[in-house]
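Asker: Pasting the sequence and the predicted model now:
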Amino acid sequence: MNHWKKWSCAACQLLKYPCEYLFAYKHIYTLNIAAIMLLIPINAHAYLGLCCAKCGGNMPMNIMGGGVPETHEFRFKIQPSFMRMQGVQQGTSNVSSNSLLGMPMIGGIPTGKFMAVQRNMNMSMLNFAMGYSFSDDFFAGIMPMYQDKRMDMTFNATMRTTTAQSGYTMQSSGLADTMLMSKYRIYTDDPLIPTSEASLFMGVSLPTGSIDKRNHSHPLAIRQSELLPYGMQLGSGTFDPMLGLLYQGSSAPWWWGGNGTYTNRFYNNHRGYRLGDIAKIDTYLMHQTNYNFLWQIQANLEWKGRIHGRADEVINGQSGHAIHGNTSSPLMTPLWDSNNYGGFKASTTLGLQWQPTHLHIIDLSIKLPVYQRFNGIQLKDKFGIMLTWYIEFPTSKSIRSLSHSHTAADAALGF
């Protein structure tokens with residue numbers, strides 16, 4: 001396939017429904033303006049940033065690739081996060097889970113109903129990111145991730161009678177996919193104290209997360225050996241390249257920026273399917289209210305494609321069908337239909353950053369959905385919360401090293 005064509009098509013996905021996106025942005029920036037009016041202090045002072053002048057001053061901790069770290073320094077992020085999904089939506093319309101329940105087949109004819117339907121989901125993650133800035137322009141890092149997923153399912157009348165339960169909770173946990181990432185600065189107006197800079201983001205997601213998790217918590221023993229549905233697995237099962245363009249600007253005490261990234265899935269995993277491509281656009285605005293504290297607001301857009309193909313065990317009947325082992329029977333839950341994945345989401349994120357001591361930053365962000373349009377039947381995002389502990393370790397080569405001979409000029413620059 002012509003890769004330039006594919007990339008341009010990905011951009012088109014974000015332009016395919018312009019009215020929806022304008023609608024989403026209208027609500028996002030209404031919130032943005034309201035937040036700005038409430039949070040701007042009467043007497044604002046200019047600061048160089050919680051980090052330092054070279055790294056751009058301030059950076060969002062929840063957006064991959066944010067900020068340009070000081071040269072010859074290690075940086076670490078420890079990020080626990082929690083996401084809540086609740087309620088079912090089809091396209092842009094709310095749907096009752098009970099309306100989707102029923103007998104999947106009557107008289108050999110599919111009814112469009114399901115034996116079990118998702119009701120809500122909690123997903124906890126722990127990310128540990130490590131990186132090093134090799135030069136003024138080049139940074140590279142790695143981010144392993146751990147996930148815990150719990151999805152509450154509701155049974156139809158037949159399953160309630162059979163199991164003597166109204167439903168159950170699907171569960172999966174373990175190591176997720178690992179990110180390798182790098183960033184190369186392609187433009188800056190000042191290499192020492194930049195007020196405008198742009199970078200290329202390049203990365204690859206390594207398939208360290210399992211796509212072989214089983215439905216062990218199901219109340220029926222015959223179902224416990226089946227695969228969990230696509231969204232309950234811990235990885236993609238493929239090596240997924242990422243490419244992006246990042247921009248950051250500042251005029252202290254304000255910092256702003258925009259990141260656009262695209263994740264490509266171009267081949268099937270060993271189960272015979274591949275997850276959809278992902279395109280993201282994140283913009284942010286930060287205001288530093290004093291030397292060790294700032295607030296921020298973000299607009300986050302995400303487009304995700306449908307799943308391509310079907311898992312091998314769905315094809316051979318070992319998993320996912322209303323009648324176990326019968327490939328002609330309907331799917332037992334919407335989670336096994338690959339058409340019920342992907343869509344468009346617009347969200348806003350509110351956050352605070354605090355520098356408790358030199359080279360340490362604590363960041364708290366809350367993400368709230370503004371608009372969601374799904375492919376098929378899916379759970380709605382309710383909210384997400386992320387806590388970040390960010391630590392910098394200067395090496396002997398860094399200008400901020402203890403071995404460096406500091407001057408009054410260094411202090412003025414925030415070193």
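Answerer: Yep, that arrived. Note that this is a predicted model, so its numbers are computed, not measured. Numbering: from 1, shown residues only.
Asker: Report the rounded mean pLDDT for stretch 339-357.
Answerer: Averaged across stretch 339-357, the pLDDT comes to 96.
Asker: What of stretch 366-386?
Answerer: pLDDT averaged over stretch 366-386 gives 98.
Asker: In CSV, list the C-alpha atoms belonging to that stretch.
Answerer: Output of stretch 366-386 as CSV, limited to C-alpha atoms (Å, rounded to 0.1, in the frame of the first residue of the first chain):
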residue,chain,number,x,y,z
ILE,A,366,-8.7,14.3,35.4
LYS,A,367,-10.1,13.4,31.9
LEU,A,368,-13.8,13.9,31.1
PRO,A,369,-15.6,12.9,27.9
VAL,A,370,-17.3,15.7,25.9
TYR,A,371,-18.5,13.8,22.8
GLN,A,372,-18.4,10.1,21.8
ARG,A,373,-19.4,8.5,18.5
PHE,A,374,-18.8,4.7,18.4
ASN,A,375,-18.8,2.0,15.7
GLY,A,376,-21.6,-0.2,16.9
ILE,A,377,-22.3,-1.1,20.5
GLN,A,378,-19.7,0.0,23.1
LEU,A,379,-19.3,1.1,26.7
LYS,A,380,-19.1,4.9,27.2
ASP,A,381,-16.2,6.6,28.9
LYS,A,382,-17.2,8.1,32.3
PHE,A,383,-14.0,9.6,33.6
GLY,A,384,-10.3,8.9,33.9
ILE,A,385,-7.8,10.0,36.5
MET,A,386,-4.0,9.9,36.4
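Asker: in that stretch, what's buried?
Answerer: Across stretch 366-386, burial judged by 16 or more other CB atoms under 10 Å covers 367, 369-381, 384, 386. No exception for glycine: its C-beta is placed from N, CA and C like everyone else's.
Asker: nearest to G66, of these?
Answerer: Of all the buried residues of stretch 366-386, G66 sits closest to M386, with 12.7 Å by CB to CB.
Asker: picking that back up, mind checking which of the buried residues of stretch 366-386 land in helices?
Answerer: Judged by DSSP state H, the buried residues of stretch 366-386 include no members of helices.
Asker: Sketch out the low-pLDDT regions of the stretch 51-200 of the chain for me.
Answerer: 52-56, 67-69 (pLDDT under 70).
Asker: So what does the residue of the chain positioned farthest from its centre have for phi and psi?
Answerer: If you look at how far each residue of the chain sits from its centre, by CA atoms, centre = their mean, the farthest one is G107, at 43.4 Å. Note on G107: its backbone torsions stand at phi 60, psi 30 [degrees, to the nearest 10].
Asker: Same check on G325?
Answerer: Per degrees, to the nearest 10, the backbone of G325 is at phi 90, psi -10.
Asker: Also the one 5 residues further on?
Answerer: Note on P330: its backbone torsions stand at phi -60, psi 170 [degrees, to the nearest 10].
Asker: Correct me if wrong: it contacts H321.
Answerer: Yes - using CB atoms under 8 Å as the test, P330 is close enough to H321 to be in contact (7.1 Å).
Asker: residues near T333, how many?
Answerer: If you count neighbours by other CB atoms under 10 Å, T333 ends up with 21.
Asker: could you list every residue that touches the residue nearest to N268 when sequence neighbours are not counted?
Answerer: Of all residues not flanking N268 in the chain, R274 sits nearest, at 4.9 Å (CB to CB, 6 or more residues apart in numbering). R274 sits next to S236, G237, T238, R265, F266, Y267, N268, I307, H308, G309 when contact means CB atoms under 8 Å, 6 or more residues apart in numbering.
Asker: Would you agree the second one is in contact with S205?
Answerer: What it means is G237. No - look at G237 against S205 with CB under 8 Å: they stay out of range, at 10.5 Å.
Asker: Show me where this structure has its helices.
Answerer: Under DSSP H, the chain gives helices at 3-13, 18-39, 97-100, 157-163, 312-315, 408-412.
Asker: Can you give me every residue that contacts E392?
Answerer: Per CB under 8 Å, 6+ apart, neighbours of E392: C51, P69, E70, E73, F74, R75, F76, L359, H360, R400.
Asker: change it to 6 Å
Answerer: E73, R75, L359 (CB atoms under 6 Å, 6 or more residues apart in numbering).
Asker: of those, closest to D177?
Answerer: Proximity of the contacts of E392 to D177 (CB to CB) peaks at R75, which lies at 21.1 Å.
Asker: Who does the closest one form a beta bridge with?
Answerer: Assessed by DSSP bridges, R75 has beta-bridge partners G131, E392.
Asker: pretty sure it is touching Y132, no?
Answerer: No - the criterion here is CB atoms under 6 Å, and R75 misses it with Y132 at 7.7 Å.
Asker: how about the nearest residue to Y146, chain neighbours excluded?
Answerer: Nearest to Y146 is L126, by CB to CB, 6+ apart, at 4.5 Å.
Asker: What of L200?
Answerer: Distance criterion CB to CB, 6+ apart; nearest residue to L200, sequence neighbours excluded, is Y184 at 4.9 Å.
Asker: Specify the beta-bridge partners of that neighbour.
Answerer: F138, L200.
Asker: Now do it against L285, distance only.
Answerer: Computed as CB to CB, to the nearest Å, the Y184 to L285 distance reads 25 Å.
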